[in-house]
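Participant: Sequence and predicted structure below; questions after.
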Amino acid sequence: MSFKTLDDMSDVRGKRVLVREDLNVPMDGARVTDDTRLRAAAPTIAELSDKGAIVLVLAHFGRPKGERNPAMSLAMVTRPLSDVLGREVRFIDDCAGPAAGDAVALMQPGDIAVLENTRFHRGEETNDPALADAMAKLGDLYVNDAFSAAHRAHASTEGLAHRLPSYAGRSMQAELEALQKALGNPEHPVAAVVGGAKVSTKLDVLKQMVAKVDHLIIGGGMANTFLAARGVDVGRSLCEHDLKDTVIGILDAAEAAGCTVHLPYDVVVAKEFRANPPTRTVNVHEVAADEMILDVGPAAVEALADVLKTCRTLVWNGPMGAFETAPFDTATVALARTAAALTKDGSLVSVAGGGDTVAALNHANAADDFTFVSTAGGAFLEWMEGRELPGVAALQG
């Protein structure tokens, strides 16, 4: 994977640099409730500003569907971004057109501005060449620093990269280098943890993983579907019984590829799904008709920990159980902490991604010790599925 980074830029002093970031942060009124994406954007913006560039930040916010909507204006994010950067950030009321051009013309080297929501233009999501041309007129160079939006072929994520000299920002660079290390050219043995509620949402991921990894660890509600396909009675557990043939096909493909699929052999069950109900830990063949499997059992977790100790690389997407509800977070927390400890010891490269995954690893206090945790949702999944990401492909030279 070959792409240019900020290290490949020559003197940028006085150059107008369009920087695509992900500023689509959760907000409660005027308050940002999670500034992770702002902190991820800060290194690239600060570095370019320090080098004397005129930094023009492009981003989307919400789903305004091509219409101006004050409730989705990036003006709201300008002050929180300024606070994270510790320097002034101005706001420009459009991301294309004469008025935006006039505002940019007033900026000095080192200045930073957030441009208005790219999705206020209908042409953003259709990758309209006219909009991409209009955006490109505002800048001399283009930096894509938004891996989480790289699976979208939009004007600001893909179109611009074909109109200006293009580079990966620091956050994008870190994502791509981590992903290359984890699945592009990993050190074997490789393990993948794939969890979550439904097999149907991750069919392409599973098919891709069995061909690339040595150990595939299935968790969450997905494990119930695999168990049922193997003839296990899973009681009232969340399960996609109609996917039996598909699951058998995945298991057959894994066997042919020499990939070991790990399913739990002991599980934690309850008759109702709520916090701290009466539970039992049982062999998978002992689940009663009125019980639900809600977590992986301790014996299986211990065995999975032993598997990770034999591996050199780990890719993680999805929790092992219903981790949001105690005590069904136990398996996720235990395995995440094992992976974190192995990473800290230097014996494992661990890369994780996806919304639920990030929340689960943070809950386990394990995220900081993983090699890399991607905040991207859809882009991370599509990468695991082996798809080409338009925003990344456009940067490759």
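Facilitator: Yep, it's here. Since the model is a prediction, treat every value here as computed from it, not as a measurement.
Participant: Report the contact partners of the nearest residue to residue 3 once chain neighbours are set aside.
Facilitator: Distance criterion Cβ to Cβ, 6 or more residues apart in numbering; nearest residue to residue 3, sequence neighbours excluded, is residue 395 at 4.4 Å. C-betas here are computed from N, CA, C, even on glycine. Residues in contact with residue 395 (Cβ atoms under 8 Å, 6 or more residues apart in numbering) are 3, 4, 144, 161, 166, 167, 168, 172.
Participant: Please report how far the third one lies from residue 57.
Facilitator: With the distance defined as Cβ to Cβ, to the nearest Å, residue 144 ends up 12 Å from residue 57.
Participant: What about the residue nearest to residue 182 when sequence neighbours are not counted, how many residues nearby?
Facilitator: Nearest residue to residue 182, sequence neighbours excluded (Cβ to Cβ, 6+ apart): residue 351, at 3.9 Å. Look at residue 351: counted by other Cβ atoms under 10 Å, it has 24 neighbours.
Participant: Let me know the secondary structure of residue 351.
Facilitator: strand (DSSP: H, G, I helix; E, B strand; the rest coil).
Participant: Quick one: residues contacting it.
Facilitator: 178-179, 181-182, 313-316, 370-374.
Participant: Now intersect the residues you listed with the helices, please.
Facilitator: Counting by DSSP state H, these place 178, 179 in helices.
Participant: Return the members of the contacts of residue 351 classed as buried.
Facilitator: Taking 16 or more other Cβ atoms under 10 Å as the criterion, what is buried in those is 178-179, 181-182, 313-316, 370-374.
Participant: In CSV, list the residues you listed along with pLDDT and distance to residue 53.
Facilitator: Output for the buried ones among the contacts of residue 351, formatted as CSV (pLDDT from 0 to 100; distance: Cβ to Cβ, whole Å):
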residue, pLDDT, distance to residue 53
178, 89, 26
179, 87, 27
181, 86, 29
182, 87, 32
313, 96, 36
314, 97, 37
315, 95, 35
316, 95, 36
370, 96, 32
371, 95, 30
372, 93, 27
373, 91, 29
374, 88, 26
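Participant: Turn the residues you listed into JSON lines, including distance to residue 81.
Facilitator: What follows is those, written out as JSON lines (distance: Cβ to Cβ, whole Å):
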{"residue": "178", "distance to residue 81": "24"}
{"residue": "179", "distance to residue 81": "26"}
{"residue": "181", "distance to residue 81": "29"}
{"residue": "182", "distance to residue 81": "30"}
{"residue": "313", "distance to residue 81": "35"}
{"residue": "314", "distance to residue 81": "33"}
{"residue": "315", "distance to residue 81": "31"}
{"residue": "316", "distance to residue 81": "30"}
{"residue": "370", "distance to residue 81": "26"}
{"residue": "371", "distance to residue 81": "27"}
{"residue": "372", "distance to residue 81": "23"}
{"residue": "373", "distance to residue 81": "21"}
{"residue": "374", "distance to residue 81": "21"}
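Participant: quick check, nearest of these to residue 364?
Facilitator: Checking these against residue 364 with Cβ to Cβ, the nearest one is residue 370 at 10.3 Å.
Participant: do you know how far that closest one is from residue 183?
Facilitator: According to Cβ to Cβ, residue 370 and residue 183 sit 15 Å apart.
Participant: residues contacting residue 314?
Facilitator: 182, 190, 191, 192, 193, 308, 339, 348, 349, 350, 351.
Participant: Next, check these against the strands and list the overlap.
Facilitator: When DSSP state E is applied, the contacts of residue 314 are split such that 190, 191, 192, 193, 349, 350, 351 fall in strands.
Participant: how many neighbours does residue 111 have?
Facilitator: 18.
Participant: Wait, residue 262 touches residue 307, no?
Facilitator: Yes. Between residue 262 and residue 307 a contact is recorded at 6.5 Å, counting by Cβ atoms under 8 Å.
Participant: so what sits against both of those two?
Facilitator: Counting by Cβ under 8 Å, 6+ apart, the residues touching both residue 262 and residue 307 are 215, 217.
Participant: Tell me the spacing between the closest residue to residue 181 other than its chain neighbours and residue 115.
Facilitator: Spatial nearest neighbour of residue 181, chain neighbours left out: residue 349 (5.8 Å); criterion: Cβ to Cβ, 6+ apart. Per Cβ to Cβ, residue 349 is found 37 Å from residue 115.
Participant: CA atoms only: put stretch 186-205 into CSV for me.
Facilitator: In CSV, the C-alpha atoms belonging to stretch 186-205 read as follows (Å, rounded to 0.1, in the frame of the first residue of the first chain):
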residue,chain,number,x,y,z
PRO,A,186,0.7,-9.8,9.4
GLU,A,187,3.0,-11.9,11.4
HIS,A,188,1.5,-15.4,11.9
PRO,A,189,-0.2,-17.0,13.8
VAL,A,190,-3.1,-14.5,13.3
ALA,A,191,-6.3,-14.6,15.4
ALA,A,192,-9.5,-12.7,14.7
VAL,A,193,-12.2,-12.1,17.3
VAL,A,194,-15.5,-11.5,15.6
GLY,A,195,-18.5,-10.9,17.8
GLY,A,196,-21.8,-9.1,17.8
ALA,A,197,-25.4,-10.0,17.6
LYS,A,198,-25.9,-11.3,14.1
VAL,A,199,-24.0,-13.4,11.6
SER,A,200,-26.0,-11.8,8.8
THR,A,201,-24.3,-8.4,9.4
LYS,A,202,-20.8,-9.9,9.2
LEU,A,203,-21.0,-12.6,6.6
ASP,A,204,-18.4,-11.0,4.3
VAL,A,205,-16.1,-10.4,7.3
